[in-house]
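>>> Sequence first, predicted model second:
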Amino acid sequence: MIASRVFENLSATASSDEIERLLSQHTFPLVEGSTVTFVFFGEAESVSLRHWIYGLPGSLPLTRLGKSDLWYHSVEFPTGSRIEYKLGVTRNGNEEWIFDPLNCQVAHDPFGGNSVVHGSDYIAPEWSNEISESQQGRLDTFSIQSQALGGERISRVYVPANFRPYRRYRLLVVHDGNDYVNFSRLNHVLDNLIARNEISPLIVALSNPHDRLREYANDRRHAQHVVEELIPELESHYPLITTSSGRCIMGASFGGVAALSTAWHYPDAFDSMLVQSGSFAFTDIGQHSRSPVFDPVVEFMNQFRKHPGKPVKKAYVSCGVYESLIYENRSLVPFLNSIGIKTKFEEAFDGHNWENWRDRLRTGLSWLFPGPLWETYL
Amino acid sequence: MTDDQRKIILLGPQPNYATLKTAMKRIDCDKPVALITAGWETDEPEDSEVKQAITSVGADCVNLKLFARTEQLFADDPELIQTLQARQDELRHLRNAYKERLQYLLKAARQTIRRQETLITLRAERESAIDMVRQLDRQYFVRTSQIVDDYELRLQTAGRPLVVEHRREIFEILKGSSAILISGGHVAIILNRLKIFGILEASKDLPIVAWSGGTMALADQVVFFHDAPPQGKGDPEVLRAGIGVFQDLLPLPDATTRLNLSDQARVELFARRFDRFRCVVFDEQTILERCDGVWSSVGMKSATQLGNAGSVVGMNV
């Protein structure tokens, strides 16, 4: 039984004054070393912890303290963990998933967001904040008519501070570009890492899908759009290195699949790849047990594992330990190395979310776009 | 005038050139100052902000354009660039071997320091661990100097016709200058450009104001450092010999950001490893001036250095 020292000392018959004192004396969830105690205070028939940690039951019931309105549940997490969650509160027989009312820390995502708790030793990276000393790059809007996908495609393009038209820049093509900016602060990360010389200045195409699960699940038209339409158009507008040595492709989750499959279809187009929590599901035998949206992904990954070729020369791969995809991502790394792709892998005690991907950007980008930090003293 | 007597003002990073302006007031600028921004590489010509700072204190300024001159030289004298590239390859191989050996020696030295043993025998072990790092540094320093000298014998840089032409032009500018200003930037590039054009020899009587990477290039030894780079181990490493305008200081620009100065063991190891120098912390407000061979701290904030006991202490001037 995992127990919080604070709650262990609280009697089941604690008075409302004692409970109020407890609530005012601590911040919640209560982090005591590796023990995290989730707390809810209010009327309810039942309360549960709803989270996305693979390996734990999806719903963990909170225990009511005596007959009070105080509910709690302790979980043991490795230090350095970052956990996103909601509370499932049942009233009148209906369960509602809510943000934790006792916790003002929220992680946003395209679906709204979750409450978030930082385990001991987790430090949110300061290089992901907007820092006044770091000069800001600009975000251009970039629109093209796509023959491959049909219709207009609007991307944004990050152009670094101190942009010089006479220079030649490397290009990073990012899937789910708007989400990377909105939820992982990619533009601020780039500003800060460039300002600190940790990465070299680069131009970043922030592309966005219309029908994400279709386009990103190894859709050849998507690959064609990126390589035959988007990149040439960018090269005609920006001073880019026009060979594969100057290009990198990136994505998270299904965007990671899109990055790998685009590079696989066009093996001479990209030098490197940055993939985070890629949905790289595959089967050795039989059917997969994931949702049907994974069908084309599994088909692609099985094909890729049989005939990998060499889509890129260098790769950065990251994944959260609390994701079911950790096994697929871990197994991808020796495979990529075996086909001659120099691969750096990083895993973290985090889940399938944008802040996990944000926190890994420094290592990934500096691995693929090393800046002159070591030799340069401005 | 010998280099020991030359007036030198050393500064830290200059985000808004505030201390550069203060420093400029400490030299006699009746003639224009010669500016070197080669460390900014292709951004060398982007010098309007620094020029504004210089003119705001009543001085004129001429950029020596050493980076652009070198690019031109490389284009016009392919043998020069090819030989320098061969030198770089040799230095790179040596550096990789040095770094490989260095990481193990530093790990051992750090561990013995962190143990804080009081037994005399173990104290001796600690001394020995640090001394092994010093020996490796020294060996590497000597080897890199030999390689640079060997290639210089082959190159005879100063006598190459195109170099002679540039040196003559630069010498004319320096004759009409009141001081040399050297910006920060890529240290090896600054160092190489200063050497190719013989800037220091051509300006023995001129005061020098240098900041950040510029100060490192002028030192006896160039040491790169960063405790938490995003890639690599962050082990401070000797690059090679600097210009050697001064022998007693090891400038550490931006050390408050680059080094974990609260990590006693790391600070102690750094200071003791390089104990033949004063390892000076150069932040934005530091101004260190050498007049008649004597250093004094003349900035708003007193200069500090890494202490052998593992903390940052006032600089012994």
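Okay, I see it.
>>> List the contacts of A:Lys310.
Listed by C-beta atoms under 8 Å, 6 or more residues apart in numbering or on different chains, the contact set of A:Lys310 reads A:267, A:339-341. In short, each C-beta sits where N, CA and C put it, glycine included.
>>> let's see 6 Å
Contact partners of A:Lys310, counting by C-beta atoms under 6 Å, 6 or more residues apart in numbering or on different chains, are A:339-340.
>>> Now do the SS call for it.
coil (DSSP: H, G, I helix; E, B strand; the rest coil).
>>> From A:Gly255, how far out is it?
21 Å (C-beta to C-beta, to the nearest Å).
>>> Likewise for A:His210?
A:His210 is 14 Å from A:Gly255, by C-beta to C-beta.
>>> For A:Met273, which residues are in contact?
For A:Met273, the contact set (C-beta under 6 Å, 6+ apart) comprises A:249, A:259, A:263, A:312, A:315.
>>> so the last one is in which element?
Here A:Ala315 sits within strand A:314-320, counting by DSSP states H and E.
>>> Show me the chain divided up by domain.
The chain I'm using is chain A. A:5-118, A:126-368 (automatic domain parsing).
>>> please go with chain B instead
In terms of domains, chain B is parsed into B:8-75+B:160-314, B:81-155 (source: automatic domain parsing).
>>> what does the average pLDDT come to for the last one?
For domain B:81-155, the mean pLDDT works out to 93.
>>> What's the end-to-end length of it?
10 Å (C-alpha to C-alpha, to the nearest Å).
>>> What count of nearby residues applies to residue 87?
Using chain A. When neighbours are counted by other C-beta atoms under 10 Å in any protein chain shown, A:Leu87 registers 26.
>>> nope, chain B please
18.
>>> Excluding chain neighbours, what is closest to it?
Distances taken as C-beta to C-beta, 6 or more residues apart in numbering or on different chains put B:Tyr151 closest to B:Arg87, at 4.2 Å, once the chain neighbours are dropped.
>>> what secondary structure does the closest residue to A:Gly88 other than its chain neighbours sit in?
Of all residues not flanking A:Gly88 in the chain, A:Ser48 sits nearest, at 4.2 Å (C-beta to C-beta, 6+ apart). For A:Ser48, the assignment made with three-state DSSP gives strand.
>>> Bridge partners for A:Ser48, pull those for me.
A:Ser48 has these beta-bridge partners by DSSP bridges: A:Pro61, A:Gly88.
>>> Tell me which of the domains of chain A sits nearest to B:Gln82.
Evaluated over the domains of chain A, closeness to B:Gln82 peaks at domain A:126-368, with 22.0 Å, by C-beta to C-beta.
>>> which parts of chain A sit against chain B?
Contact residues, chain A versus chain B (C-beta under 6 Å from any C-beta of the partner chain): A:198, A:362, A:366, A:373-378.
>>> Of these, which is the most crowded?
That'd be A:Tyr377 among those, by other C-beta under 10 Å, with 32 neighbours.
>>> Torsion angles phi and psi at the closest residue to that residue other than its chain neighbours?
In space, and not counting its chain neighbours, A:Tyr377 is closest to B:Gly213: 3.7 Å by C-beta to C-beta, 6+ apart. Per-residue torsions, B:Gly213: phi -60, psi -30 (degrees, to the nearest 10).
>>> wait, B:Gly213 sits on B:Gly184?
Yes: judged on C-beta atoms under 6 Å, B:Gly213 makes contact with B:Gly184 at a distance of 3.8 Å.
>>> Overlap of the contact sets of the two?
By C-beta under 6 Å, 6+ apart, the residues touching both B:Gly213 and B:Gly184 are A:377, B:39.
>>> Which residue ranges of the stretch 151-300 of chain B form strands?
B:179-182, B:185-186, B:208-211, B:221-224, B:237-241, B:249-253, B:278-282, B:287-291, B:294-297 (DSSP state E, counting those that start in this stretch).
>>> same question but for the stretch 251-378 of chain A, I mixed them up
Going by DSSP E, counting those that start in this stretch, the stretch 251-378 of chain A shows strands at A:272-276, A:314-320, A:342-348, A:376-377.
>>> I'd like those strands as CSV, with mean pLDDT appended.
What follows is these, written out as CSV (pLDDT from 0 to 100):
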stretch, mean pLDDT
strand A:272-276, 98
strand A:314-320, 98
strand A:342-348, 98
strand A:376-377, 96
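>>> Nearest to A:Arg5 among the ones you listed would be which one?
From the strands of the stretch 251-378 of chain A, taking C-beta to C-beta, the stretch that ends up closest is strand A:342-348, at 27.1 Å.
>>> On the three-state scheme, B:Ala53 is what?
helix.
>>> Hmm, it is touching B:Ala18, no?
No: in this structure, B:Ala53 is not within contact of B:Ala18 by C-beta under 6 Å, at 8.4 Å.
>>> So which of those two has more stuff around it?
Neighbour tally, B:Ala53 and B:Ala18, criterion other C-beta under 10 Å: the higher count belongs to B:Ala53, 18 against 14.
>>> For residue 94, give me its contacts.
No chain specified, so I'll use chain A. By C-beta under 6 Å, 6+ apart, the contact set of A:Asn94 is empty.
>>> looking at chain B here, not the other one
B:Arg143.
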